[in-house]
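Peer 1: Sharing a sequence plus its predicted fold:
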Amino acid sequence: MIMQSESVIFGSWDNHGNKMNLRLSAQNSQKVDEDVQLVFKHGNKQIKSVEQPSDLKYIIKYTLLRDIDGFTVEKATEAIELFNKHYSDDIDPEAALKGWKVKGKILDQE
């Protein structure tokens with residue numbers, strides 16, 4: 001199966017002189033029984049596979065703990081929508097960001 005790559009770029013992060021984008025990307029899975037997986041990356045380095053809503057919450061909180069240039073509520077919302085699309089889930093982005101207690105923190109950093 002050939003897929004068109006989909007990504008949400010959270011923003012730019014300088015990790016010890018290695019400034020690259022943090023992003024959530026849909027990519028071809030390395031597993032035989034799966035077509036697509038979501039992964040959170042810094043440049044080409046995978047940080048975390050995103051398979052559950054708790055993983056999504058983790059990567060948003062992970063992003064908030066770092067000095068990321070350009071991370072917004074809109075990008076967090078896009079990440080939730082990408083998760084919903086690939087896992088046929090129906091997480092309400094607004095409710096999730098409030099429930100995870102991250103919306104105010106994101107707004108404070110914008």
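Peer 2: Great, that's in hand. Numbering: from 1, shown residues only.

Peer 1: So which residues make contact with stretch 74-90?
Peer 2: 6, 8-11, 24, 26, 36, 38, 50-51, 53, 56, 59-60, 91, 93-94, 96-97, 102-103, 106 (C-beta atoms under 8 Å, 6 or more residues apart in numbering). Glycine gets a C-beta too; all of them are placed from N, C-alpha and C.

Peer 1: show me where this structure has strands.
Peer 2: For the chain, applying DSSP state E gives strands covering 6-15, 18-28, 36-42, 45-50.

Peer 1: which of the ones you listed sits most buried?
Peer 2: Across the strands of the chain, averaging neighbours per residue (mean count of other C-beta atoms under 10 Å) puts strand 36-42 on top, at a mean of 19.

Peer 1: Tell me the helices and strands packed up against it.
Peer 2: strand 18-28, strand 45-50, helix 53-64, helix 73-87 (3 or more C-beta pairs under 8 Å, 6 or more residues apart in numbering; DSSP states H and E).

Peer 1: Now distance to Glu110 and mean pLDDT too, for those, in TSV please.
Peer 2: Compiled in TSV, the helices and strands packed on strand 36-42 are given as follows (distance: least, C-beta to C-beta, whole Å; pLDDT from 0 to 100):
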stretch	distance to Glu110	mean pLDDT
strand 18-28	16	89
strand 45-50	22	94
helix 53-64	11	95
helix 73-87	7	94
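
Peer 1: OK, contacts around the spatially most central residue of the chain?
Peer 2: Central residue of the chain (C-alpha atoms, centre = their mean): Leu24, 3.8 Å from the mean position. For Leu24, the contacting residues are 7-8, 10, 38-41, 50, 59, 79, 82-83, by C-beta under 8 Å, 6+ apart.
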